[in-house]
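Asks: the sequence and its predicted three-dimensional model are supplied below.
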Amino acid sequence: MVSDVEEILSRYGLDREMAMEYVDAIVRMNQSEAADEVDVSRMTIQRYKEKFGEMRESERAFLISYLSAEKYSSQLRPDSDFS
């Protein structure tokens, strides 16, 4: 499963950590707020939005659910290894 995540992110030229932060921020905020939250430019958020938009729906749903679970799992148990 981890290799699936890495393969999809690589195919679209996305960084795993930034993708995780993007997914977390964009569901709660607009693009400007997400950029401030993640401490990146609005252009970076726009690029991630475009890349996620290029993905097949199944890829996008898989990444969003996997990265969200990974982020929240690490927040609940910082010493856990989600993979």
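Replies: Okay, I see it.
Asks: buried stuff in stretch 50-68?
Replies: K51, F52, M55, E59, R60, F62, L63, I64, Y66, L67 (16 or more other CB atoms under 10 Å). C-beta here means a position set from N, CA and C on the backbone, and glycine is covered the same way.
Asks: mean confidence score for the helix with the most length in the chain?
Replies: Scanning the chain for the longest helix, with DSSP state H as the assignment, gives helix 57-76. The average pLDDT within helix 57-76 is 87.
Asks: which stretches of the chain have low pLDDT?
Replies: Judged by pLDDT under 70, the chain has its weakly predicted residues at 75-83.
Asks: for it, what spans make up the helices?
Replies: Going by DSSP H, the chain shows helices at 2-11, 16-26, 31-38, 42-54, 57-76.
Asks: residues making contact with the shortest one?
Replies: In other words, helix 31-38. Helix 31-38 is contacted from outside by 18, 21-22, 25-26, 28-29, 41-42, 44-46, 49, using CB atoms under 8 Å, 6 or more residues apart in numbering.
Asks: show me just the buried residues among these.
Replies: Using 16+ other CB under 10 Å, the buried members of the contacts of helix 31-38 are M18, E21, Y22, A25, I26, T44, I45.
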